[in-house]
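quick check, what structure comes out for this input:
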Amino acid sequence: MTAPLSSAAGAIPSDDRVVPLADLFRLLGDPTRLRIVLACVEHKRAVGAIAESLGLSSSLVSHHLRLLRAARIVRAERQGKQVFYVAADRHISAMLGELLEHVAEPQSEPADLD
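As a prediction, this is how the structure comes out:
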């Protein structure tokens, strides 16, 4: 079930919910970071594998992953000496899936607001 957008009928959520959400969208608004997260949605991926698949340097990917981890968008899992990254939880995966589906939809005619 989807969480309600407002706490009371018609009320806009308070800043304590809106500000972290805006920060999440700000982080995901960077195309490089978004591509990194999308690379981690289906499978655990090491920094080197992410960097290679996206044509980026490992140091750049590591920098972005630090920001994404701090925002709880991805999480790290250590396996021996290797660290793998994956989308933090089903909310991140579902949100990105829904948004990708949304942008793939054919654009409909705008409603007449007059």
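
distance of residue 77 relative to residue 93?
Distance of residue 77 to residue 93, given as Cβ to Cβ, to the nearest Å: 15 Å. C-beta coordinates here come from the backbone N, C-alpha and C atoms, glycine included.

show me what the least confident helix or strand in the chain by mean pLDDT is packed against.
The helix or strand of the chain with the poorest confidence is helix 15-28; it has a mean of 92 (mean pLDDT, DSSP states H and E). For helix 15-28, the elements it packs on are helix 31-39, judged by 3 or more Cβ pairs under 8 Å, 6 or more residues apart in numbering; DSSP states H and E.

residues in contact with the helix it packs on?
Residues outside helix 31-39 that contact it (Cβ atoms under 8 Å, 6 or more residues apart in numbering): 27-28, 45, 50, 53-54, 56, 60-61, 64-65, 67-68, 73-74, 87, 92, 96.

and for stretch 56-64?
For stretch 56-64, contacts defined as Cβ under 8 Å, 6+ apart pick out 30, 32, 33, 36, 47, 48, 50, 51, 54.

who wins on neighbours among those?
Greatest neighbour count in those, by other Cβ atoms under 10 Å, goes to residue 36: 26 neighbours.

circling back to that earlier point, neighbour count winner among residue 77 and residue 93?
Using other Cβ under 10 Å as the criterion, residue 77 and residue 93 rank with residue 93 on top: 17 against 10.
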